[in-house]
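Peer 1: Could you work out the structure for the sequence below:
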Amino acid sequence: MTISNPEKIGRYQVIERVGRGGMGVLYRGMDPVLDREVAIKLMLVDFSEDEDQLRPRFYREARAAARLQHRNIVTVFEFAEEGNTPYIVMEFLRGTSLGARAASPLPMPLEAKLDVIAQLCDALNYAHEQGIIHRDVKPANVFILTDGTVKLLDFGIAKLTSSTLTRKGDVLGSASYMSPEQVAGSDTIDGRSDIFSVGVVLYELIAGRKPFAAEAPTAIIMKILHEEPPSLDAAVPGLPPQLVAAVSRALAKNPADRFATAGELAKELQWIRRALLAAADGAGVLEETRFATPTEIRAFQQELEKGRSGDTSAASATGTSTTTTTTAIPGWLIPTGIAAMALVGLLGLLLGRGSAPAGPAPAAAASSKTAADAGHGTPAAGSTAASSTTGRTPDASKAADERASLQIASDPQGAAIIVDGRDTKQTTPATVALRGAGPHRLQLTRRGYTSHDVRLTDADVRGGSVKYTLQAAQAAMVPVAISSTYPVEVFEGSKSVSAAAESHSLNLAAGTVIHVRAPQYLLDATLKVEGRVDYQAPAVGYLTVLTRYETCNVKVGNRDLGYPPITRLPVAAGQYRVDIVCAGGQNPPGQFVAVAPNNTATARIY
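Peer 2: A predicted model of the protein is given here:
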């Protein structure tokens with residue numbers, strides 16, 4: 001089927017062709033009703049040869065895909081036909097595919113790779129909970145936005161095109177990422193098949209090669225069915241063993257041996273990722289993985305840091321450097337179920353194995369060690385061993401070696417706290433643990449304000465708290481003109497910046513996000529002020545909803561319209577999703593409907 005670049009597809013104006021694949025041609029277009037960019041995929045299927053009831057099957061799968069409303073899944077706006085050729089209208093994404101990002105010469109840290117795959121698993125877990133299997137998870141279908149958000153593409157379409165809608169050769173192009181049960185043609189495929197595909201993608205992302213590689217597709221399939229992939233830690237030495245185990249489990253031949261859900265795999269990868277970040281920050285050593293919340297992670301790291309302070313004091317007592325090096329401890333953090341105090345003791349024992357130059361007798365070191373452990377790094381009252389060794393007074397030794405806490409506040413609140421180049425993942429006001437009394441570099445950053453960069457002295461830390469006033473950034477002001485045939489109100493967040501009127505002339509800071517709202521017409525448009533803004537609110541059209549579910553509520557977007565029928569409801573022209581919500585939860589599939597200016601659109605749900 002030869003496809004030229006049309007000027008329009010349906011009501012959408014075609015701007016340019018941006019790609020072509022085995023399933024269709026992708027265009028960048030413009031929705032003239034809502035004045036927004038969209039992506040239009042014109043499928044390589046011709047419904048004129050509807051020998052296998054392709055049209056109803058297409059729309060059945062299309063409706064299933066449209067139900068998926070998740071931040072990591074591309075949003076589908078509409079399914080329709082141009083002639084006898086179906087097309088799909090989706091949100092237009094800016095960024096790059098995972099395949100292109102992996103092929104880029106720019107390095108991608110392991111932590112970033114794990115975050116991408118964890119977001120992918122979140123999307124799959126949500127879809128599986130809705131009863132939908134993707135069946136075509138591969139790097140080309142994973143898109144990374146410019147802000148790092150992951151979007152999974154072609155959801156539900158892979159399943160649709162997996163049989164008679166697929167042209168010869170299309171399935172083989174993704175054979176490397178298929179599960180054993182999928183290539184074997186099993187009729188009982190579930191979400192664990194997608195988990196296997198995720199394992200393939202993760203393996204390739206880490207190792208730089210596919211786990212099942214061969215020149216011929218049949219050879220690839222035989223390897224997937226009968227061979228184990230090459231060892232990941234042999235391909236990339238030094239990987240955390242828990243990560244190697246997670247990839248191996250995802251790639252298990254038997255679905256029962258894999259992760260039970262994609263959500264379980266996402267939690268494991270995020271935990272390993274946080275552990276790697278904590279290790280890079282020097283947080284400690286643990287030995288086996290478990291699921292944990294961020295709160296648990298922070299609490300556990302604080303316990304470990306207290307333990308390290310005690311070990312440092314002991315090292316000073318024996319004459320060793322306060323920066324102790326040992327090969328007995330791995331360089332990354334993996335959480336354990338062992339009690340925190342037991343781990344502190346273990347860490348101190350391991351650190352104590354390092355060689356030390358001649359110094360005081362071991363008994364003195366043991367005494368100092370005991371005192372430090374008893375107070376989590378605080379020498380016992382009257383103990384002078386540490387101070388005599390380093391030539392410092394007890395107070396000075398305590399200030400330098402003890403882990404300090406500092407209350408940091410700002411006006412306004414909500415500034416991100418960065419200490420010594422390390423993002424604490426906290427915002428003001430918060431209590432932050434510091435390594436030693438000072439000096440430390442403190443940065444406070446908040447959107448719309450100039451970054452505050454200060455040097456924390458010993459006196460600042462001993463004072464226990466600091467507070468700084470942030471200066472508002474001098475943002476460029478941009479003219480914003482809004483006009484409408486009916487009153488609209490302008491909001492910035494929850495704050496009204498211009499009362500309801502038919503025209504608005506504003507000057508707003510560049511980067512401001514505003515909402516133009518007219519609830520009586522279901523209008524809630526979001527505008528980002530980047531350059532001059534001239535916005536014309538959509539004209540009014542009419543919406544009618546007819547359904548046999550007479551005792552159920554009609555819902556359009558977030559607004560409950562009550563019982564049907566809904567007759568000629570005035571609404572701003574645009575596209576709406578109409579849902580029927582029943583008390584028993586047995587809701588019929590929703591429907592998208594486009595309302596044109598001065599015309600009536602009817603949604604029929606039976």
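Peer 1: in what helix or strand does the residue positioned nearest the centre of the chain lie?
Peer 2: Residue closest to the average C-alpha location in the chain (CA atoms, centre = their mean): residue 119, at 4.5 Å. In this assignment (DSSP states H and E), residue 119 forms part of helix 110-129.
Peer 1: do residue 278 as well
Peer 2: Residue-wise, residue 278 maps onto helix 262-280 under DSSP H and E.
Peer 1: Mind jotting down where the strands sit in the stretch 451-600 of the chain?
Peer 2: 452-456, 465-469, 477-492, 495-509, 513-518, 523-528, 533-536, 540-547, 553-556, 559-562, 566-572, 574-581, 591-595, 600-605 (DSSP state E, counting those that start in this stretch).
Peer 1: Which one, of those, ends up nearest to residue 91?
Peer 2: strand 574-581 (11.9 Å; CB to CB). C-beta coordinates here come from the backbone N, C-alpha and C atoms, glycine included.
Peer 1: could you give the angle of that closest one to strand 540-547?
Peer 2: Angle of strand 574-581 versus strand 540-547, following axes from the mean of the first three to the mean of the last three CA atoms, to 10 degrees, is 30 degrees.
Peer 1: Just read off the phi/psi values of residue 422.
Peer 2: Here is the backbone geometry of residue 422 (degrees, to the nearest 10): phi -110, psi 120.
Peer 1: in the sheet, who's paired with it?
Peer 2: On the basis of DSSP bridges, residue 422 is bridged to residue 419.
Peer 1: Now for it, how many residues are close by?
Peer 2: By other CB atoms under 10 Å, the residues close to residue 422 number 16.
Peer 1: Stretch 504-520: how far from the chain's middle?
Peer 2: Distance, stretch centre to chain centre, for stretch 504-520: 28 Å (CA atoms, centre = their mean, to the nearest Å).
Peer 1: My understanding was that residue 421 contacts residue 442; is that so?
Peer 2: No. Residue 421 is beyond contact range of residue 442, at 10.6 Å (criterion: CB atoms under 8 Å).
Peer 1: quick one: which of those two has more around it?
Peer 2: residue 442 (21 against 8).
Peer 1: Tabulate the strands of the stretch 451-600 of the chain (JSON lines), appending mean pLDDT, distance to residue 275 and mean neighbour count.
Peer 2: Below are the strands of the stretch 451-600 of the chain laid out as JSON lines (pLDDT from 0 to 100; distance: least, CB to CB, whole Å; neighbours: other CB atoms under 10 Å):
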{"stretch": "strand 452-456", "mean pLDDT": "88", "distance to residue 275": "28", "mean neighbour count": "14"}
{"stretch": "strand 465-469", "mean pLDDT": "93", "distance to residue 275": "30", "mean neighbour count": "13"}
{"stretch": "strand 477-492", "mean pLDDT": "93", "distance to residue 275": "39", "mean neighbour count": "18"}
{"stretch": "strand 495-509", "mean pLDDT": "92", "distance to residue 275": "40", "mean neighbour count": "14"}
{"stretch": "strand 513-518", "mean pLDDT": "94", "distance to residue 275": "35", "mean neighbour count": "19"}
{"stretch": "strand 523-528", "mean pLDDT": "91", "distance to residue 275": "36", "mean neighbour count": "16"}
{"stretch": "strand 533-536", "mean pLDDT": "90", "distance to residue 275": "45", "mean neighbour count": "14"}
{"stretch": "strand 540-547", "mean pLDDT": "93", "distance to residue 275": "51", "mean neighbour count": "19"}
{"stretch": "strand 553-556", "mean pLDDT": "92", "distance to residue 275": "43", "mean neighbour count": "20"}
{"stretch": "strand 559-562", "mean pLDDT": "89", "distance to residue 275": "44", "mean neighbour count": "12"}
{"stretch": "strand 566-572", "mean pLDDT": "92", "distance to residue 275": "49", "mean neighbour count": "17"}
{"stretch": "strand 574-581", "mean pLDDT": "92", "distance to residue 275": "41", "mean neighbour count": "19"}
{"stretch": "strand 591-595", "mean pLDDT": "90", "distance to residue 275": "43", "mean neighbour count": "20"}
{"stretch": "strand 600-605", "mean pLDDT": "91", "distance to residue 275": "49", "mean neighbour count": "17"}
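Peer 1: Columns distance to residue 232 on top of these, output as TSV?
Peer 2: Converted to TSV, those look like this (distance: least, CB to CB, whole Å):
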stretch	distance to residue 232
strand 452-456	41
strand 465-469	46
strand 477-492	49
strand 495-509	49
strand 513-518	43
strand 523-528	42
strand 533-536	50
strand 540-547	53
strand 553-556	48
strand 559-562	50
strand 566-572	53
strand 574-581	43
strand 591-595	44
strand 600-605	50
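Peer 1: Compare those strands and give me the one nearest residue 87.
Peer 2: strand 591-595 (13.5 Å).
Peer 1: Pull that closest one out as CSV, backbone CA atoms only.
Peer 2: The C-alpha trace of strand 591-595 is given here as CSV (Å, rounded to 0.1, in the frame of the first residue of the first chain):
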residue,chain,number,x,y,z
GLN,A,591,-16.7,7.1,23.8
PHE,A,592,-14.8,10.0,22.4
VAL,A,593,-16.8,12.7,20.6
ALA,A,594,-15.7,15.8,18.7
VAL,A,595,-17.9,18.9,19.1
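Peer 1: who does that strand pair up with?
Peer 2: Strand 591-595 has the following sheet partners, assigned by DSSP bridges: strand 574-581 (antiparallel).
Peer 1: Extract the C-alpha trace of the strand it pairs with and format it as PDB.
Peer 2: Taking only C-alpha atoms (Å, rounded to 0.1, in the frame of the first residue of the first chain), the coordinates of strand 574-581 have been written out as PDB:
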ATOM      1  CA  GLY A 574     -13.300  20.300  21.100                       C
ATOM      2  CA  GLN A 575     -13.000  16.600  21.800                       C
ATOM      3  CA  TYR A 576     -14.500  15.000  24.900                       C
ATOM      4  CA  ARG A 577     -14.600  11.600  26.500                       C
ATOM      5  CA  VAL A 578     -18.100  10.600  27.500                       C
ATOM      6  CA  ASP A 579     -18.500   7.900  30.100                       C
ATOM      7  CA  ILE A 580     -21.500   6.100  31.700                       C
ATOM      8  CA  VAL A 581     -20.900   5.500  35.400                       C
END
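Peer 1: coming back round to it: near the closest residue to the residue nearest to the centre of the chain other than its chain neighbours, how many other residues are there?
Peer 2: The shortest distance from residue 119 to any non-neighbouring residue, by CB to CB, 6 or more residues apart in numbering, is to residue 150 (3.7 Å). Residue 150 has 22 neighbouring residues, counting by other CB under 10 Å.
Peer 1: Can you pull the poorly scored residue ranges out of the stretch 151-300 of the chain?
Peer 2: Within the stretch 151-300 of the chain, the segments meeting pLDDT under 70 span 155-173, 280-300.
Peer 1: domains of this structure?
Peer 2: With automatic domain parsing as the criterion, the domains of the chain are listed as 1-92, 106-156+168-280, 294-381, 403-469, 477-536, 540-605.
Peer 1: okay, how far is it across the fifth one, tip to tip?
Peer 2: Using CA to CA, to the nearest Å, the end-to-end distance of domain 477-536 comes out at 20 Å.
Peer 1: Identify each buried residue in the helix holding residue 278, please.
Peer 2: Of the residues in helix 262-280, 262-279 count as buried by neighbour count, 16 or more other CB atoms under 10 Å.
Peer 1: Kindly export it (C-alpha atoms) in CSV.
Peer 2: This file holds the C-alpha atoms of helix 262-280, laid out as CSV (Å, rounded to 0.1, in the frame of the first residue of the first chain):
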residue,chain,number,x,y,z
ALA,A,262,5.6,-5.7,36.5
GLY,A,263,5.0,-3.6,39.6
GLU,A,264,7.1,-6.0,41.6
LEU,A,265,10.0,-5.7,39.1
ALA,A,266,9.6,-1.8,39.2
LYS,A,267,10.0,-1.8,43.0
GLU,A,268,13.1,-3.9,42.8
LEU,A,269,14.7,-1.8,40.2
GLN,A,270,13.9,1.5,42.0
TRP,A,271,15.3,0.1,45.2
ILE,A,272,18.6,-1.0,43.5
ARG,A,273,18.7,2.4,41.8
ARG,A,274,18.3,4.3,45.1
ALA,A,275,21.0,2.0,46.7
LEU,A,276,23.4,2.9,43.9
LEU,A,277,22.8,6.6,44.4
ALA,A,278,23.2,6.2,48.1
ALA,A,279,26.5,4.2,47.6
ALA,A,280,27.8,6.9,45.3
